[in-house]
Structure formats: structure tokens, C-alpha cells
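In: Predicted model and sequence follow; I will ask about them next.
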Amino acid sequence: MRSQPYPFLKGHGTQNDFVLLPDHEGQVHGSLPAGRVRALCDRRAGLGADGVLRVIRSSALAEREAGIGVDSEWFMDYRNADGSVSEMCGNGVRVFALHLLEEGLVPAGEPIRVGSRDGVKVVTVEPDGQLTVDMGTPRLLDETTVTVGERSWTARHVDVGNPHAVAFVDDLADAGPLTDAPGHDPAVYPAGVNVEFVVRRGPRHVAMRVHERGSGETRSCGTGACAVAVATADLDDAPRGETYTVDLPGGTLLVRWTDDDRMLMTGPAVLVAWGATTLG
């Protein structure tokens, strides 16, 4: 018997793509089963995506009793493609904010507050239509090691709300096809890690590839771009306030590490499809 159809949207930020599920009062998707997320993200049998963004009022969030989602009207309930819960998604929050704006769910011309498991992120629309997200304060931690096959690299552990390992390589092809998760120290990353491979393109300009935990290699990663910019700026001993250009397979993001220790990430967001599905 066919299940009841429910609405969805499809969008992307620098080709990091997402299925959005409007579920404002939390009555459609319950706890958002992992199987439903996997079905939606399947690129052959589903809609295809790197992850799912449930659009829910913070007041309807089951986790609110644990203090999550208490400082914003809207909450981005983000799941990786494998159905696992993630703290934050830098490209996703721009797409999420654009949806709120286009549906009239937030006032036009004002900063957009989006709740996440890494706290509230404030999104502003630039004059050219791109969106800037205050991603919060990064934490630069110890060096670690990542491996692909028989090759290994020293990496910088950077926490930007979720964990990252940033490795500088001679060529982006050195990381291989990235079909499997790079090896890492489970004592450092017990819940897995996003791994970025980075090359320099010029002053304050880098390029990267990324393997995201729970999703595999993606065309872009917003939190990863922030982690890369922070690790590179620290290596450069760059003064605060410098903007780094980060090229990804799916586009370009700009990241500025401010004088007051915040990361401001600027990039595009696009909504490409609306419809209904019965998947999951």
C-alpha cells in the first residue's frame, strides 16, 4: 500500500546538495527515521542528496527539553546521507535560510537566526544575493594523522562545531578517489571526522577536496572550508580579518576569521525543485 505523500524541496550550496523537508510542527516525520533519510538521499532510487534538512519550529523539536533549539524560532534538523545526526552544515544553513526567506517565514531585510545542534547561526543576505553565515568561534587543536591506502599525512584537528582534519598535500589527486573514509585516530575522533585535503593556489587562496563522515566525498563542505581557512591562516600567521578564498569542486566560498574570533563564510544558495514524495 502506498504511503501518504509529503512535501520536499531540493537545493544546494556550491553543489553540496540537500533535500529539505518542511515539517514546521514536527507532525510529519516524527524523529526522522534514518531509513527515510537514506531513501531520500539515494542517488539512484531516491531524490539524491548529501543530506536532509528538516525545517521545524524549535518549539516542536523533541530535543528542546535537553536545551537544544531554545534561542531561535526555526531549527535546522540536519542528517547526513547515511541517516546519522550531524551538529552543523555550513552550506546547508545557507540553503535553509534561503527557503525561510522565500517562503516569508522570516522578515526580509533582517538577519536570519537558524538553530542547530551547534547553537544559533545568523545568516545575512549580501547585496549580490550571496549569503554570509556567522559560523561561530573555531577551536584549533593538536596535530593528528590521516591515511588513504598506504599514504599518510599530518593533519590539523579543527573543531568548527563538528570535527575536521585538515591535511596539506602536493596535489589534490593524492587523496585518490575517496570512495572510503580516510583512516584516522579513533581516540581523537570517536564519532568520525570530516577530512580535507588542501593545496595552495596563491596568497590567501587554497583549493580542497573533502570526505564528509556519513556522506562520502562531496562537491563542497561549508564547515570544511571554514576549517581549512582557519588552519591555513594559522599556518600563515595571518592577522585576523584576512579573507581566504577556498575553491571546491562545486564552487568557491569566502571565509574571514574576524578580530573577535568569529568565522564569516560567504557563498551562494540555490533552490532547484519542489514536489511531493512517498519515500521512506
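Out: That came through fine.
In: Look up how far Ala233 lies from the residue nearest the centre of the chain.
Out: The structure's the chain has its C-alpha centroid closest to Cys89; by CA atoms, centre = their mean the separation is 2.3 Å. Distance of Cys89 to Ala233, computed by CB to CB, to the nearest Å: 22 Å. C-beta: built from backbone N, CA, C; applies to glycine.
In: how's this structure carved up into domains?
Out: The record's domain parsing of the chain by automatic domain parsing lists 6-134+268-277, 139-261.
In: Relative to the whole chain's centre, how far out is the first one?
Out: When distances are taken as CA atoms, centre = their mean, to the nearest Å, domain 6-134+268-277 is centred 10 Å away from the chain's centroid.
In: And for stretch 216-226?
Out: Mean-position distance between stretch 216-226 and its chain equals 7 Å (CA atoms, centre = their mean).
In: hmm, back to that, burial count for the closest residue to the residue nearest to the centre of the chain other than its chain neighbours?
Out: Closest residue to Cys89 apart from its sequence neighbours, by CB to CB, 6 or more residues apart in numbering: Tyr78 at 4.9 Å. When neighbours are defined as other CB atoms under 10 Å, Tyr78 has 23 of them.
In: export the helix or strand where Tyr78 lies as PDB, just CAs?
Out: Assigned by DSSP states H and E, Tyr78 belongs to strand 74-80. Coordinates of each C-alpha in strand 74-80 appear next as PDB, following Å, rounded to 0.1, in the frame of the first residue of the first chain:
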ATOM      1  CA  TRP A  74      13.500  27.800  13.400                       C
ATOM      2  CA  PHE A  75      15.700  24.800  13.700                       C
ATOM      3  CA  MET A  76      17.800  23.000  11.000                       C
ATOM      4  CA  ASP A  77      17.500  19.300  11.900                       C
ATOM      5  CA  TYR A  78      20.400  18.100   9.800                       C
ATOM      6  CA  ARG A  79      21.100  14.400   8.900                       C
ATOM      7  CA  ASN A  80      23.900  13.000   6.800                       C
END
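In: Let me know the average pLDDT across the helix or strand just after that strand.
Out: Next helix or strand after strand 74-80 toward the C-terminus (DSSP H and E): helix 90-102. When pLDDT is averaged over helix 90-102, the result is 98.
In: which residues of the chain score low on pLDDT?
Out: The chain contains residues with pLDDT under 70 at 1-2, 65-66.
In: That one: helices as residue ranges?
Out: Assigned by DSSP state H, the helices in the chain fall at 34-41, 90-102, 222-236.
In: can you pull the contacts of Pro268?
Out: Neighbouring residues of Pro268 by CB atoms under 8 Å, 6 or more residues apart in numbering: 13-14, 94, 129-131, 251.
In: so can I have a markdown table of those residues showing neighbour count and distance to Arg151?
Out: Compiled in a markdown table, the contacts of Pro268 are given as follows (neighbours: other CB atoms under 10 Å; distance: CB to CB, whole Å):
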| residue | neighbour count | distance to Arg151 |
| --- | --- | --- |
| Gly13 | 30 | 30 |
| Thr14 | 26 | 27 |
| Arg94 | 32 | 34 |
| Gly129 | 9 | 41 |
| Gln130 | 15 | 36 |
| Leu131 | 21 | 36 |
| Gly251 | 17 | 27 |
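In: Figure out which of the helices of the chain is closest to Asp247.
Out: Closest to Asp247 of the helices of the chain is helix 222-236 (CB to CB; 9.3 Å).
In: Right, I'll call it a day here.
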